[in-house]
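Engineer: the amino acid sequence is not available; the structure is as follows:
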(Lines give C-alpha, C1' and ligand atoms only; values in the text may rest on other atoms or scores of the structure.)
Protein backbone atom coordinates (compact mmCIF):
# COMPACT_ATOMS: atom_id res chain seq x y z
CA UNK A 1 0.00 0.00 0.00
CA UNK A 2 3.01 2.33 0.27
CA UNK A 3 3.25 2.45 -3.50
CA UNK A 4 -0.37 3.47 -3.70
CA UNK A 5 0.31 6.33 -1.31
CA UNK A 6 3.04 7.67 -3.54
CA UNK A 7 0.83 7.52 -6.59
CA UNK A 8 -1.90 9.33 -4.68
CA UNK A 9 0.43 12.10 -3.65
CA UNK A 10 1.76 12.47 -7.18
CA UNK A 11 -1.61 13.47 -8.63
CA UNK A 12 -4.16 10.87 -8.59
CA UNK A 13 -6.30 11.02 -11.60
CA UNK A 14 -3.55 11.54 -14.11
CA UNK A 15 -1.86 8.70 -15.93
CA UNK A 16 0.89 7.46 -13.67
CA UNK A 17 4.31 6.97 -15.23
CA UNK A 18 4.46 3.42 -13.85
CA UNK A 19 1.38 2.62 -15.87
CA UNK A 20 3.38 2.51 -19.08
CA UNK A 21 4.68 -0.92 -18.10
CA UNK A 22 1.25 -2.34 -17.34
CA UNK A 23 0.05 -5.41 -19.18
CA UNK A 24 -2.64 -4.58 -21.67
CA UNK A 25 -6.06 -5.85 -20.78
CA UNK A 26 -9.22 -6.06 -22.85
CA UNK A 27 -11.84 -3.34 -22.65
CA UNK A 28 -14.15 -5.96 -21.15
CA UNK A 29 -11.68 -6.61 -18.35
CA UNK A 30 -11.09 -2.88 -17.90
CA UNK A 31 -14.82 -2.26 -17.59
CA UNK A 32 -15.29 -5.15 -15.16
CA UNK A 33 -12.35 -4.02 -13.03
CA UNK A 34 -13.57 -0.44 -12.97
CA UNK A 35 -16.98 -1.67 -11.84
CA UNK A 36 -15.39 -3.85 -9.17
CA UNK A 37 -13.01 -1.24 -7.75
CA UNK A 38 -15.03 1.94 -8.25
CA UNK A 39 -18.63 0.73 -8.63
CA UNK A 40 -19.56 1.32 -4.98
CA UNK A 41 -18.02 4.81 -5.02
CA UNK A 42 -19.74 5.63 -8.30
CA UNK A 43 -23.13 4.53 -6.93
CA UNK A 44 -22.51 6.56 -3.76
CA UNK A 45 -21.00 9.78 -5.11
CA UNK A 46 -22.07 9.82 -8.77
CA UNK A 47 -25.50 8.15 -8.78
CA UNK A 48 -26.78 10.09 -11.80
CA UNK A 49 -23.54 10.35 -13.74
CA UNK A 50 -22.86 8.45 -16.92
CA UNK A 51 -19.62 6.75 -17.88
CA UNK A 52 -19.07 8.53 -21.19
CA UNK A 53 -17.69 11.97 -22.00
CA UNK A 54 -15.33 12.07 -19.00
CA UNK A 55 -18.24 12.60 -16.61
CA UNK A 56 -17.45 9.72 -14.23
CA UNK A 57 -13.82 10.80 -14.30
CA UNK A 58 -14.77 14.36 -13.33
CA UNK A 59 -17.14 13.16 -10.62
CA UNK A 60 -14.59 10.85 -8.99
CA UNK A 61 -12.06 13.65 -9.15
CA UNK A 62 -14.51 16.03 -7.50
CA UNK A 63 -14.98 13.52 -4.66
CA UNK A 64 -11.28 12.85 -4.39
CA UNK A 65 -11.23 13.02 -0.58
CA UNK A 66 -14.03 10.45 -0.19
CA UNK A 67 -13.23 7.94 -2.92
CA UNK A 68 -11.66 4.69 -1.67
CA UNK A 69 -7.88 4.22 -2.11
CA UNK A 70 -8.55 0.96 -3.97
CA UNK A 71 -10.64 2.77 -6.57
CA UNK A 72 -8.05 5.51 -7.01
CA UNK A 73 -5.15 3.11 -7.49
CA UNK A 74 -7.01 0.74 -9.79
CA UNK A 75 -8.46 3.58 -11.83
CA UNK A 76 -5.00 4.84 -12.70
CA UNK A 77 -3.79 1.33 -13.58
CA UNK A 78 -6.84 0.61 -15.72
CA UNK A 79 -6.43 3.84 -17.66
CA UNK A 80 -2.75 3.12 -18.26
CA UNK A 81 -3.54 -0.34 -19.51
CA UNK A 82 -6.22 0.93 -21.88
CA UNK A 83 -3.81 3.57 -23.19
CA UNK A 84 -1.22 0.89 -23.88
CA UNK A 85 -3.71 -1.26 -25.74
CA UNK A 86 -4.86 1.68 -27.86
CA UNK A 87 -1.21 2.42 -28.64
CA UNK A 88 -0.61 -1.21 -29.65
CA UNK A 89 -3.68 -1.23 -31.89
CA UNK A 90 -2.46 1.92 -33.64
CA UNK A 91 1.14 0.73 -33.95
CA UNK A 92 0.32 -2.69 -35.32
CA UNK A 93 0.31 -1.70 -38.99
CA UNK A 94 3.77 -0.21 -38.79
CA UNK A 95 5.24 -3.04 -36.72
CA UNK A 96 3.75 -5.74 -38.94
CA UNK A 97 4.18 -4.06 -42.32
CA UNK A 98 7.28 -6.02 -43.30
CA UNK A 99 5.71 -9.28 -42.10
CA UNK A 100 2.63 -8.64 -44.22
CA UNK A 101 4.79 -7.98 -47.29
CA UNK A 102 6.83 -11.12 -46.62
CA UNK A 103 4.12 -13.55 -45.51
CA UNK A 104 0.87 -12.31 -47.03
CA UNK A 105 1.81 -11.11 -50.53
CA UNK A 106 -1.03 -9.84 -52.69
CA UNK A 107 -3.59 -10.12 -49.90
CA UNK A 108 -6.30 -7.46 -49.92
CA UNK A 109 -6.75 -5.56 -46.67
CA UNK A 110 -10.14 -5.61 -44.97
CA UNK A 111 -12.45 -7.87 -42.95
CA UNK A 112 -9.46 -8.94 -40.86
CA UNK A 113 -7.73 -10.68 -43.80
CA UNK A 114 -4.23 -9.51 -42.96
CA UNK A 115 -4.63 -10.42 -39.29
CA UNK A 116 -5.85 -13.94 -40.17
CA UNK A 117 -2.81 -14.36 -42.40
CA UNK A 118 -0.42 -13.19 -39.66
CA UNK A 119 -2.10 -15.38 -37.04
CA UNK A 120 -1.74 -18.44 -39.25
CA UNK A 121 1.91 -17.61 -39.78
CA UNK A 122 2.58 -16.89 -36.07
CA UNK A 123 5.64 -19.18 -35.90
CA UNK A 124 7.49 -17.22 -38.58
CA UNK A 125 6.16 -13.73 -37.79
CA UNK A 126 8.74 -11.33 -36.33
CA UNK A 127 8.81 -11.03 -32.51
CA UNK A 128 7.88 -7.32 -32.61
CA UNK A 129 4.85 -7.95 -34.77
CA UNK A 130 3.77 -10.92 -32.65
CA UNK A 131 4.09 -8.81 -29.50
CA UNK A 132 2.05 -6.02 -31.10
CA UNK A 133 -0.72 -8.49 -31.99
CA UNK A 134 -0.77 -9.73 -28.41
CA UNK A 135 -0.73 -6.24 -26.90
CA UNK A 136 -3.53 -5.17 -29.23
CA UNK A 137 -5.65 -8.07 -27.98
CA UNK A 138 -6.13 -9.51 -31.46
CA UNK A 139 -4.88 -13.01 -30.70
CA UNK B 1 -39.20 0.64 -18.90
CA UNK B 2 -39.49 0.36 -15.16
CA UNK B 3 -37.01 -2.37 -14.42
CA UNK B 4 -37.73 -3.84 -11.01
CA UNK B 5 -35.11 -3.40 -8.32
CA UNK B 6 -34.65 -7.16 -8.06
CA UNK B 7 -33.18 -7.17 -11.54
CA UNK B 8 -30.73 -4.45 -10.66
CA UNK B 9 -29.79 -6.16 -7.40
CA UNK B 10 -29.22 -9.41 -9.25
CA UNK B 11 -26.95 -7.75 -11.76
CA UNK B 12 -24.87 -6.21 -8.99
CA UNK B 13 -24.65 -9.55 -7.19
CA UNK B 14 -23.49 -11.27 -10.37
CA UNK B 15 -20.84 -8.63 -10.95
CA UNK B 16 -19.57 -9.03 -7.41
CA UNK B 17 -19.33 -12.80 -7.62
CA UNK B 18 -17.62 -12.64 -10.99
CA UNK B 19 -15.15 -10.12 -9.64
CA UNK B 20 -14.25 -12.31 -6.67
CA UNK B 21 -12.83 -14.96 -9.00
CA UNK B 22 -10.79 -13.11 -11.58
CA UNK B 23 -9.91 -15.90 -13.98
CA UNK B 24 -13.32 -17.34 -14.84
CA UNK B 25 -14.62 -13.80 -15.33
CA UNK B 26 -11.85 -13.16 -17.79
CA UNK B 27 -12.50 -16.34 -19.71
CA UNK B 28 -16.17 -15.45 -19.88
CA UNK B 29 -15.66 -11.97 -21.28
CA UNK B 30 -13.30 -13.29 -23.94
CA UNK B 31 -15.88 -15.79 -25.13
CA UNK B 32 -18.58 -13.17 -25.35
CA UNK B 33 -16.24 -10.85 -27.25
CA UNK B 34 -15.74 -13.58 -29.85
CA UNK B 35 -19.48 -14.18 -29.96
CA UNK B 36 -20.10 -10.49 -30.58
CA UNK B 37 -17.60 -10.44 -33.44
CA UNK B 38 -19.28 -13.53 -34.87
CA UNK B 39 -22.77 -12.05 -34.60
CA UNK B 40 -21.86 -8.72 -36.16
CA UNK B 41 -19.72 -10.08 -38.94
CA UNK B 42 -20.48 -9.28 -42.54
CA UNK B 43 -23.73 -8.41 -44.24
CA UNK B 44 -26.41 -10.93 -44.98
CA UNK B 45 -27.65 -11.13 -48.55
CA UNK B 46 -30.33 -8.62 -49.51
CA UNK B 47 -29.62 -6.59 -46.39
CA UNK B 48 -31.70 -3.42 -46.56
CA UNK B 49 -29.92 -0.06 -46.52
CA UNK B 50 -30.77 1.43 -43.15
CA UNK B 51 -29.84 4.82 -41.75
CA UNK B 52 -30.33 6.04 -38.21
CA UNK B 53 -32.60 8.75 -39.55
CA UNK B 54 -35.03 6.48 -41.41
CA UNK B 55 -35.08 3.99 -38.55
CA UNK B 56 -35.95 6.74 -36.08
CA UNK B 57 -38.65 7.99 -38.44
CA UNK B 58 -40.09 4.49 -38.85
CA UNK B 59 -40.36 4.13 -35.07
CA UNK B 60 -42.11 7.52 -34.78
CA UNK B 61 -44.51 6.66 -37.61
CA UNK B 62 -45.26 3.36 -35.91
CA UNK B 63 -46.02 5.16 -32.67
CA UNK B 64 -48.31 7.69 -34.39
CA UNK B 65 -50.03 5.37 -36.87
CA UNK B 66 -50.86 2.51 -34.51
CA UNK B 67 -52.21 3.98 -31.29
CA UNK B 68 -53.97 0.76 -30.27
CA UNK B 69 -53.05 -1.84 -27.67
CA UNK B 70 -49.62 -3.51 -28.17
CA UNK B 71 -51.07 -6.79 -29.42
CA UNK B 72 -52.94 -5.00 -32.25
CA UNK B 73 -49.84 -3.23 -33.64
CA UNK B 74 -48.11 -4.62 -36.75
CA UNK B 75 -44.33 -5.12 -36.68
CA UNK B 76 -42.06 -2.19 -37.44
CA UNK B 77 -41.93 -1.61 -41.22
CA UNK B 78 -38.13 -1.79 -41.35
CA UNK B 79 -36.87 -5.36 -41.46
CA UNK B 80 -34.05 -5.23 -38.95
CA UNK B 81 -33.79 -9.01 -38.72
CA UNK B 82 -32.06 -9.11 -42.11
CA UNK B 83 -29.00 -7.36 -40.64
CA UNK B 84 -26.07 -8.96 -38.82
CA UNK B 85 -26.83 -8.18 -35.20
CA UNK B 86 -26.40 -8.95 -31.53
CA UNK B 87 -28.61 -8.37 -28.52
CA UNK B 88 -27.03 -7.31 -25.24
CA UNK B 89 -28.41 -6.69 -21.79
CA UNK B 90 -27.20 -3.43 -20.33
CA UNK B 91 -28.42 -2.50 -16.85
CA UNK B 92 -29.58 1.07 -16.36
CA UNK B 93 -30.65 2.91 -13.27
CA UNK B 94 -34.42 2.95 -12.86
CA UNK B 95 -36.04 5.56 -15.14
CA UNK B 96 -32.63 6.95 -15.98
CA UNK B 97 -30.08 6.76 -18.78
CA UNK B 98 -27.32 6.06 -16.28
CA UNK B 99 -25.52 2.82 -17.14
CA UNK B 100 -24.95 0.86 -13.93
CA UNK B 101 -21.31 -0.03 -13.20
CA UNK B 102 -22.37 -3.70 -13.30
CA UNK B 103 -22.64 -3.28 -17.08
CA UNK B 104 -19.28 -1.57 -17.69
CA UNK B 105 -17.76 -4.98 -18.48
CA UNK B 106 -20.47 -5.74 -21.05
CA UNK B 107 -19.83 -2.35 -22.68
CA UNK B 108 -16.15 -3.25 -22.79
CA UNK B 109 -16.94 -6.53 -24.55
CA UNK B 110 -18.82 -4.62 -27.23
CA UNK B 111 -15.87 -2.26 -27.58
CA UNK B 112 -13.42 -5.17 -27.92
CA UNK B 113 -15.54 -6.59 -30.72
CA UNK B 114 -15.82 -3.24 -32.53
CA UNK B 115 -12.03 -2.81 -32.37
CA UNK B 116 -11.44 -6.24 -33.88
CA UNK B 117 -9.97 -5.95 -37.40
CA UNK B 118 -12.80 -8.10 -38.73
CA UNK B 119 -15.34 -5.38 -37.81
CA UNK B 120 -13.06 -2.34 -38.02
CA UNK B 121 -14.30 -1.27 -41.47
CA UNK B 122 -18.01 -1.24 -40.62
CA UNK B 123 -20.64 1.11 -39.23
CA UNK B 124 -23.19 0.15 -36.59
CA UNK B 125 -26.50 1.34 -35.22
CA UNK B 126 -27.13 0.90 -31.50
CA UNK B 127 -30.83 0.67 -30.66
CA UNK B 128 -32.49 0.95 -27.27
CA UNK B 129 -35.77 -0.89 -26.68
CA UNK B 130 -38.31 -0.95 -23.85
CA UNK B 131 -41.24 -3.19 -22.97
CA UNK B 132 -44.76 -1.74 -23.12
CA UNK B 133 -45.10 -0.86 -19.43
CA UNK B 134 -45.15 2.88 -18.80
CA UNK B 135 -45.94 5.77 -21.12
CA UNK B 136 -45.25 5.12 -24.79
CA UNK B 137 -43.78 8.57 -25.58
CA UNK B 138 -41.66 8.42 -22.45
CA UNK B 139 -40.37 5.01 -23.45
CA UNK B 140 -39.33 6.44 -26.81
CA UNK B 141 -37.47 9.33 -25.17
CA UNK B 142 -35.79 7.19 -22.50
CA UNK B 143 -34.66 4.55 -24.99
CA UNK B 144 -33.04 7.25 -27.15
CA UNK B 145 -31.23 8.66 -24.10
CA UNK B 146 -30.04 5.18 -23.14
CA UNK B 147 -28.82 4.38 -26.65
CA UNK B 148 -27.05 7.77 -26.67
CA UNK B 149 -25.38 6.95 -23.33
CA UNK B 150 -24.04 3.67 -24.73
CA UNK B 151 -22.68 5.32 -27.87
CA UNK B 152 -21.11 8.07 -25.79
CA UNK B 153 -19.37 5.56 -23.51
CA UNK B 154 -18.15 3.48 -26.47
CA UNK B 155 -16.80 6.48 -28.36
CA UNK B 156 -15.20 8.33 -25.43
CA UNK B 157 -14.11 5.82 -22.77
CA UNK B 158 -13.58 2.87 -25.12
CA UNK B 159 -12.13 4.75 -28.11
CA UNK B 160 -14.50 3.61 -30.85
CA UNK B 161 -14.47 5.99 -33.83
CA UNK B 162 -17.65 8.13 -33.52
CA UNK B 163 -18.16 7.96 -37.31
CA UNK B 164 -18.87 4.24 -36.89
CA UNK B 165 -21.75 4.48 -34.39
CA UNK B 166 -25.21 5.97 -34.26
CA UNK B 167 -27.84 5.69 -31.55
CA UNK B 168 -31.55 5.13 -32.18
CA UNK B 169 -34.21 4.85 -29.50
CA UNK B 170 -37.00 2.55 -30.69
CA UNK B 171 -39.05 2.81 -27.50
CA UNK B 172 -41.60 0.00 -27.36
CA UNK B 173 -42.08 -0.03 -31.15
CA UNK B 174 -39.87 -3.01 -31.97
CA UNK B 175 -40.73 -5.77 -29.49
CA UNK B 176 -38.68 -8.92 -29.22
CA UNK B 177 -41.61 -10.96 -27.91
CA UNK B 178 -44.71 -9.54 -29.62
CA UNK B 179 -47.02 -11.97 -27.84
CA UNK B 180 -45.81 -10.81 -24.44
CA UNK B 181 -45.33 -7.06 -24.87
CA UNK B 182 -44.76 -6.44 -21.14
CA UNK B 183 -42.12 -9.13 -20.81
CA UNK B 184 -38.72 -7.86 -19.62
CA UNK B 185 -37.14 -9.71 -22.55
CA UNK B 186 -38.22 -6.74 -24.65
CA UNK B 187 -35.93 -4.41 -22.69
CA UNK B 188 -32.73 -4.74 -24.61
CA UNK B 189 -29.98 -3.07 -26.54
CA UNK B 190 -29.32 -4.27 -30.06
CA UNK B 191 -26.41 -3.53 -32.32
CA UNK B 192 -26.74 -3.80 -36.09
CA UNK B 193 -24.07 -3.87 -38.76
CA UNK B 194 -25.25 -1.31 -41.33
CA UNK B 195 -22.46 -1.67 -43.83
CA UNK B 196 -18.98 -0.45 -44.73
CA UNK B 197 -17.62 2.79 -43.36
CA UNK B 198 -17.01 5.14 -46.28
CA UNK B 199 -13.49 6.43 -46.19
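Structural biologist: On my side now, so go ahead. The model shown is predicted, which means the values in this text are computed figures rather than measured ones. Residues are numbered from 1 along each chain as shown, chains lettered A, B, ... in the order given.

Engineer: near chain A at all, the helix or strand containing residue B:113?
Structural biologist: Per DSSP states H and E, residue B:113 falls inside helix B:104-115. Yes. Counting by CB under 8 Å from any CB of the partner chain, chain A has neighbours in helix B:104-115: B:104, B:105, B:106, B:107, B:108, B:109, B:111, B:112, B:115. Quick note: C-beta positions are derived from backbone N, CA and C, even for glycine.

Engineer: just stretch B:168-188 next, same as before
Structural biologist: No. Stretch B:168-188 lies apart from chain A when judged by CB under 8 Å from any CB; the minimum separation is 15.3 Å.

Engineer: give me the contacts around that stretch.
Structural biologist: Residues outside stretch B:168-188 that contact it (CB atoms under 8 Å, 6 or more residues apart in numbering or on different chains): B:1, B:3, B:7, B:52, B:55-56, B:59, B:62-63, B:70-71, B:73, B:75-76, B:80, B:87-89, B:125-133, B:136-137, B:139-148.

Engineer: so which elements touch the helix holding residue B:113?
Structural biologist: helix A:27-45, helix B:22-40, helix B:136-156 (3 or more CB pairs under 8 Å, 6 or more residues apart in numbering or on different chains; DSSP states H and E).

Engineer: redo the ones you listed as JSON lines? Include distance to residue B:198 and mean pLDDT.
Structural biologist: Below are those laid out as JSON lines (distance: least, CB to CB, whole Å; pLDDT from 0 to 100):
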{"stretch": "helix A:27-45", "distance to residue B:198": "25", "mean pLDDT": "96"}
{"stretch": "helix B:22-40", "distance to residue B:198": "18", "mean pLDDT": "59"}
{"stretch": "helix B:136-156", "distance to residue B:198": "18", "mean pLDDT": "97"}
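
Engineer: now for the ones you listed, which one comes closest to residue B:193?
Structural biologist: Nearest of the helices and strands packed on helix B:104-115 to residue B:193, taken as CB to CB: helix B:22-40 at 5.0 Å.

Engineer: helix or strand right after the closest one?
Structural biologist: Criterion used, DSSP H and E; the element after helix B:22-40 is helix B:52-65.

Engineer: filter the contacts of stretch B:168-188 down to the buried ones and hand me the ChimeraX line.
Structural biologist: Buried residues within those, by 16 or more other CB atoms under 10 Å in any protein chain shown, are selected in ChimeraX with:
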select /B:1,3,52,55,56,59,62,63,70,73,76,80,88,125,126,127,128,129,130,131,132,133,139,140,142,143,144,145,146,147,148
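
Engineer: so where's chain A shaky on pLDDT?
Structural biologist: A:1-22 (pLDDT under 70).

Engineer: neighbours around residue B:177, how many?
Structural biologist: 12 (other CB atoms under 10 Å in any protein chain shown).

Engineer: now the helix holding residue B:113: mean pLDDT?
Structural biologist: When pLDDT is averaged along helix B:104-115, the result is 94.

Engineer: go on, stretch B:157-164?
Structural biologist: The predicted model assigns stretch B:157-164 a mean pLDDT of 94.

Engineer: that stretch close to chain A?
Structural biologist: Yes. Stretch B:157-164 comes into contact with chain A (CB under 8 Å from any CB), by way of B:157, B:158, B:159.

Engineer: quick one: contacts for the first one?
Structural biologist: Listed by CB under 8 Å, 6+ apart, the contact partners of residue B:157 are A:51, A:52, B:107.

Engineer: which of those sits closest to residue A:123?
Structural biologist: residue B:107 (35.3 Å).

Engineer: state the number of residues packed around the closest one.
Structural biologist: Each residue near residue B:107 was counted by other CB under 10 Å, and the total is 27.

Engineer: longest helix of chain A?
Structural biologist: For chain A, the longest helix by residue count, based on DSSP state H, is helix A:69-103.

Engineer: not counting its own residues, what contacts whatever helix or strand comes next after that one?
Structural biologist: Next helix or strand after helix A:69-103 toward the C-terminus (DSSP H and E): helix A:113-120. The contact list for helix A:113-120 (CB under 8 Å, 6+ apart) reads A:96, A:99-100, A:103-104, A:107, A:125, A:129, A:133, A:138-139, B:117-118.

Engineer: show me which residues of helix A:113-120 are buried.
Structural biologist: For helix A:113-120, a neighbour-count test (16+ other CB under 10 Å) marks A:114, A:115, A:117, A:118 as buried.

Engineer: how many other residues sit next to residue 61?
Structural biologist: Just so you know, I chose chain A. Applying other CB under 10 Å, we find 15 residues neighbouring residue A:61.

Engineer: um, chain B though
Structural biologist: By other CB under 10 Å, 13 other residues sit near residue B:61.

Engineer: got the contact list for it?
Structural biologist: By CB under 8 Å, 6+ apart, residue B:61 lies in contact with residue B:77.

Engineer: and for residue B:118?
Structural biologist: A:111, A:112, A:115, B:37, B:41.

Engineer: nothing else from me, thank you.
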